[in-house]
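1. Let's see this in three dimensions:
(2 chains)
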Amino acid sequence: QQQVKQSPQSLIVQKGGISIINCAYENTAFDYFPWYQQFPGKGPALLIAIRPDVSEKKEGRFTISFNKSAKQFSLHIMDSQPGDSATYFCAARFGYKLSFGAGTTVTVRA
Amino acid sequence: NAGVTQTPKFRVLKTGQSMTLLCAQDMNHEYMYWYRQDPGMGLRLIHYSVGEGTTAKGEVPDGYNVSRLKKQNFLLGLESAAPSQTSVYFCASSFAGTKQETQYFGPGTRLLVL
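-> The predicted model follows:
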């Protein structure tokens, strides 16, 4: 079973709106939580990442919120743009390995 | 820099046939990984390598073998392909140690097993 549970499976947002993707994990040994962005026909690329000793990290329009006690973290995409339409994967690292969520397909309508 | 490249981009196999997927990176990364991506499953780790000559099993290793004879190359082999191995395969690489956090992915190989 997947070690990182991601929701929703897909979402549609209007241009300028906020997209929120949530992830949950059980393994408290995870020590690094990245988000990857994938466009159709391409490989995933690192978007933003956070460590568990930080509650929030912001890079431009993208923010990760991290709740260590709840074992949850989320990605917020502010002022969503059509170019943000992609599949987003959360992940968690233990040792050499990343465990990925199932992915969320975000569609931004102009 | 080409980054991470994968060969071939697309392949159709018949059940029982064998093939090798090639991954190459020019970033002098120590670690390399093979994932498969299936709808609704995210990316699942097949095998990985933390250095030339070393390999280890990931989450879904059955039916696959790997080799890392050169630091820049990581090969994924299917000895006897099965329809369940129809998937998109991604190779990734990263630095070792505290710099290993970012994995760089190739463009993927789409494999169809009939």
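
2. Number of residues surrounding residue 11?
-> No chain specified, so I'll use chain A. 18 (other Cβ atoms under 10 Å in any protein chain shown). To be clear about C-beta, it is placed using only N, CA and C from the backbone, and glycine gets the same treatment.

3. Not quite, go with chain B.
-> As a burial measure, the neighbour count of B:R11 was computed by other Cβ under 10 Å and equals 17.

4. Tell me the bridge partners for it.
-> B:L111 (DSSP bridges).

5. which residues sit in contact with it?
-> Contacts for B:R11 (Cβ atoms under 8 Å, 6 or more residues apart in numbering or on different chains) come out as B:19, B:109-112.

6. out of the residues you listed, who has the most neighbours?
-> B:T109 (22 neighbours).

7. show me the residues around that one that make contact.
-> Residues counted as contacts of B:T109 (Cβ under 8 Å, 6+ apart) are B:6-11, B:21, B:88-90.

8. ok, now B:A81?
-> Contact analysis of B:A81 by Cβ under 8 Å, 6+ apart lists B:13-19, B:111, B:113.

9. Check A:Y32 too.
-> Under the criterion of Cβ under 8 Å, 6+ apart, the contact list for A:Y32 reads A:49-51, A:92-93, B:101.

10. Nearest residue to it in space, ignoring adjacent ones along the chain?
-> What sits nearest to A:Y32 in space, not counting adjacent residues and going by Cβ to Cβ, 6 or more residues apart in numbering or on different chains, is A:R93, at 4.1 Å.

11. What about A:G60, how many residues nearby?
-> Other residues lying near A:G60 total 9 when counted by other Cβ under 10 Å.

12. how many neighbours does B:I46 have?
-> Using other Cβ under 10 Å as the criterion, the residues surrounding B:I46 number 24.

13. B:W34 is in contact with that one, correct?
-> Yes: contact criterion Cβ atoms under 8 Å: B:I46 and B:W34 qualify, at 4.4 Å.

14. Please enumerate the shared neighbours of the two.
-> With Cβ under 8 Å, 6+ apart applied, the overlap between the contact sets of B:I46 and B:W34 consists of B:58, B:64, B:66, B:76, B:89.

15. quick revisit: can you tell me who the residue nearest to A:Y32 pairs with across the strands?
-> According to DSSP bridges, the residues that bridge with A:R93 are A:L98.

16. Counting neighbours, what do you get for it?
-> Applying other Cβ under 10 Å, I find that A:R93 has 19 neighbouring residues.

17. what residues does the helix or strand where B:A24 lies touch?
-> Remark: B:A24 resides in strand B:19-25, with elements defined by DSSP states H and E. Contacting residues not belonging to strand B:19-25 are listed as B:2-8, B:11, B:13, B:32, B:34, B:72-78, B:81, B:89, B:91, B:93, B:104, B:106, B:109, B:111 [Cβ under 8 Å, 6+ apart].

18. Surely A:Q2 is within a helix?
-> No: with DSSP: H, G, I helix; E, B strand; the rest coil as the criterion, A:Q2 is assigned coil and is not in a helix.

19. circling back to that earlier point, from the contacts of A:Y32, list just the buried residues.
-> Neighbour counting with 16 or more other Cβ atoms under 10 Å in any protein chain shown marks A:49-50, A:92-93, B:101 as buried within these.

20. Please name the bridge partners of the single nearest residue of chain B relative to chain A.
-> For chain B, the residue closest to chain A is B:F105, as judged by Cβ to the nearest Cβ, at 3.3 Å. The residues listed as beta-bridge partners of B:F105 by DSSP bridges are B:A92.

21. Relative to A:G43, how far out is it?
-> Note on B:F105: its distance to A:G43, by Cβ to Cβ, to the nearest Å, is 3 Å.
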